[in-house]
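Colleague: need a structure here:
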Amino acid sequence: MSTDWISKLRHMLQVTAFCLVVATIQHAFAPDKPYGPPVVYSLLIGLIIWAIIDLGRDRMPSSRETGWPKGWGAIALVSGAIGAGWYFGNLAGDALCRSFGLFGPRSPAAEPAAEMRSGILVTILASVAASYWFYSRGKSEYLLRKMGEAQRHADDARLKLLETQLEPHMLFNTLANLRALIPVDPERAQQMLDHMIAYLRATLDASRAATHPLGSEFERLRDYLELMAIRMGPRLRYTLDLPPELTAVRVPALLLQPLVENGIQHGLEPKVQGGRIAVRARREDARLVIEVEDTGVGNARASAGRPGFGLAQIRERLAALHGGEASLDFHASAEGARARITLPLA
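Modeller: Now for the predicted structure:
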């Protein structure tokens with residue numbers, strides 16, 4: 001386990017503040033005595049105990065996950081640290097006070113029995129309270145880390161599930177179109193099959209990661225649109241507009257095809273003369289904006305708040321990957337429909 005020295009320094013400052021509080025409380029019960037000696041002894045005893053516990057627990061294998069040893073290891077570490085801290089802290093305090101002439105020689109053996117018992121009791125109570133506080137904080141941080149890891153794993157699993165739901169959806173529609181085309185136009189069916197192979201090859205490459213370059217997404221989209229253009233003929237026209245500086249921007253894999261598929265199925269196919277679909281990307285400040293627009297009849301079902309399969313899945317994927325930083329807006333009318341995706345630029 002690597003040592004986090006920043007965290008150790010923070011703990012040391014917290015222990016120092018705690019020792020000053022203990023010294024102040026001790027002085028409050030004996031205001032006729034000097035304030036300096038309780039501060040010196042409290043700091044020396046507390047810092048020695050802190051050093052033994054905070055540095056020693058990192059060397060114990062049972063503390064690898066939570067940062068604290070388990071069972072008797074924790075009890076032995078804290079008990080040993082309290083005994084060593086009280087004894088050596090008093091010795092160091094005696095030497096320091098003698099060196100600066102703060103008061104006469106003082107050692108644990110020379111103290112009155114009542115004062116010694118009081119010092120031991122204060123040391124034990126303060127040390128146990130501080131150790132429990134640090135233990136509680138460490139356990140809370142450990143649980144929060146585990147919850148964060150579990151949430152990330154759940155988001156990854158959810159994202160993979162959404163992707164596996166999207167892929168069969170697109171594949172089913174394409175195969176159905178290919179089956180209908182084979183008897184009537186085998187040559188066009190062959191072209192459609194070639195584009196489908198290219199699309200599936202790109203999809204397989206993209207499935208190995210949750211995100212990929214926007215340029216790859218547009219290439220996948222081009223293959224999909226070529227598949228649809230073979231089936232629809234001149235009824236389908238499309239444009240793809242991707243600025244060169246945005247080709248390397250990473251976006252969720254299989255992001256745009258469901259939007260284009262939604263526009264074709266619900267906008268262009270019901271329209272006798274067909275229409276045009278345009279996909280464009282641009283940068284707005286620190287955000288990436290992607291728009292998919294069609295000149296079809298409009299998708300009243302999605303616009304009325306009942307989005308289709310692709311729209312619902314994209315919203316869930318954006319939420320899983322970016323939370324509230326990403327959004328999908330959809331608007332439809334009699335003249336067509338427009339979907340707008342907004343993503344943060346890394």
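
Colleague: Would you state the helices of the stretch 101-250 of the chain in chain order?
Modeller: Ranges of helices in the stretch 101-250 of the chain, per DSSP state H, counting those that start in this stretch, are 113-181, 186-206, 214-232.

Colleague: and residue 270, what element?
Modeller: Assigned by DSSP states H and E, residue 270 belongs to no helix or strand.

Colleague: got a pLDDT number for it?
Modeller: At residue 270, the model reports a pLDDT of 85.

Colleague: what does residue 217 give?
Modeller: Residue 217 carries a pLDDT value of 88.

Colleague: Count the neighbours of it for me.
Modeller: Close neighbours of residue 217, defined as other C-beta atoms under 10 Å, add up to 27. (Each C-beta comes from the backbone N, C-alpha and C, glycine too.)

Colleague: so it makes contact with residue 255?
Modeller: Yes - if you go by C-beta atoms under 8 Å, residue 217 and residue 255 touch, sitting 6.0 Å apart.

Colleague: returning to what we had before: the helices of the stretch 101-250 of the chain: which one's closest to residue 295?
Modeller: Of all the helices of the stretch 101-250 of the chain, helix 214-232 sits nearest to residue 295, with 13.6 Å by C-beta to C-beta.

Colleague: Buried deepest among the helices of the stretch 101-250 of the chain, which one?
Modeller: Compared across the helices of the stretch 101-250 of the chain, helix 214-232 shows the largest average neighbour count, a mean of 21 (mean count of other C-beta atoms under 10 Å).

Colleague: Tell me which other helices or strands that helix touches.
Modeller: Under the contact criterion of 3 or more C-beta pairs under 8 Å, 6 or more residues apart in numbering; DSSP states H and E, helix 214-232 touches helix 113-181, helix 186-206, strand 236-241, strand 250-252, helix 257-263, strand 275-284.

Colleague: now the ones you listed in TSV, with mean pLDDT?
Modeller: Formatted as TSV, the helices and strands packed on helix 214-232 follow (pLDDT from 0 to 100):
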stretch	mean pLDDT
helix 113-181	69
helix 186-206	76
strand 236-241	93
strand 250-252	86
helix 257-263	83
strand 275-284	94
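
Colleague: before we move on, back to that, make JSON lines from the helices of the stretch 101-250 of the chain and add distance to residue 329 to it.
Modeller: JSON lines is the format used below for the helices of the stretch 101-250 of the chain (distance: least, C-beta to C-beta, whole Å):
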{"stretch": "helix 113-181", "distance to residue 329": "19"}
{"stretch": "helix 186-206", "distance to residue 329": "25"}
{"stretch": "helix 214-232", "distance to residue 329": "19"}
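
Colleague: Could you say which one of those comes nearest to residue 29?
Modeller: When these are compared by C-beta to C-beta, helix 113-181 sits nearest residue 29, at 9.4 Å.
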